[in-house]
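Asks: Please find the sequence and the predicted model below.
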Amino acid sequence: MKKLILLLTLLAILPIKAGDIQTRKITGAASTVALATTSKSVRWIQLVVPSGNGANVLYGDGTTTSSVGSVLVAGSGQMFPPNGGGGGGYDLAQVYVYVATSDIVYVSWETF
């Protein structure tokens, strides 16, 4: 029991390094764009579509278009769950979104 209490105490006082959380706003121009122009490995990604958008946002890989991809309706979001480090994670340059003209998608991520 003493060892358990010691372990819990150590876990509580040891610093846990968190990555840097960043957010980017993408305003649509009826085109498909990568989340980043250069390769960037991140722990997780979150996409949020404002409720005022007039059209769906589509996301996926490099084949994403106005009619191909996973759909996010206005007022919804998608979380790419945490993916371990050590060369893992998601590459922002490999995730694409199609956003209609003047519509918006917010993208957040945590770096390693």
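Replies: Done, it's in.
Asks: Enumerate every residue touching the nearest residue to Tyr106 once chain neighbours are set aside.
Replies: Among residues not flanking Tyr106 along the chain, Val48 sits closest, at 4.4 Å (Cβ to Cβ, 6 or more residues apart in numbering). (Glycine included, C-beta is placed from N, CA and C.) Val48 makes contact with Gly77, Val105, Tyr106, Val107, Ser108 under the criterion Cβ atoms under 8 Å, 6 or more residues apart in numbering.
Asks: and if you look at Ala30?
Replies: For Ala30, the contact set (Cβ under 8 Å, 6+ apart) comprises Ser66, Val99, Ala100, Thr101.
Asks: Which positions are bridged to the second one in the beta structure?
Replies: Right, the one you point to is Val99. Under the criterion DSSP bridges, Val99 forms beta bridges with Ser31.
Asks: check contacts around it.
Replies: Applying Cβ under 8 Å, 6+ apart, the residues contacting Val99 are Ile26, Thr27, Gly28, Ala29, Ala30, Ser31, Val33, Val57, Val105.
Asks: Kindly indicate the member of the residues you listed with the most neighbours.
Replies: In terms of neighbour count, Val57 stands highest of these at 28 neighbours, by other Cβ atoms under 10 Å.
Asks: Thank you kindly, that will do.
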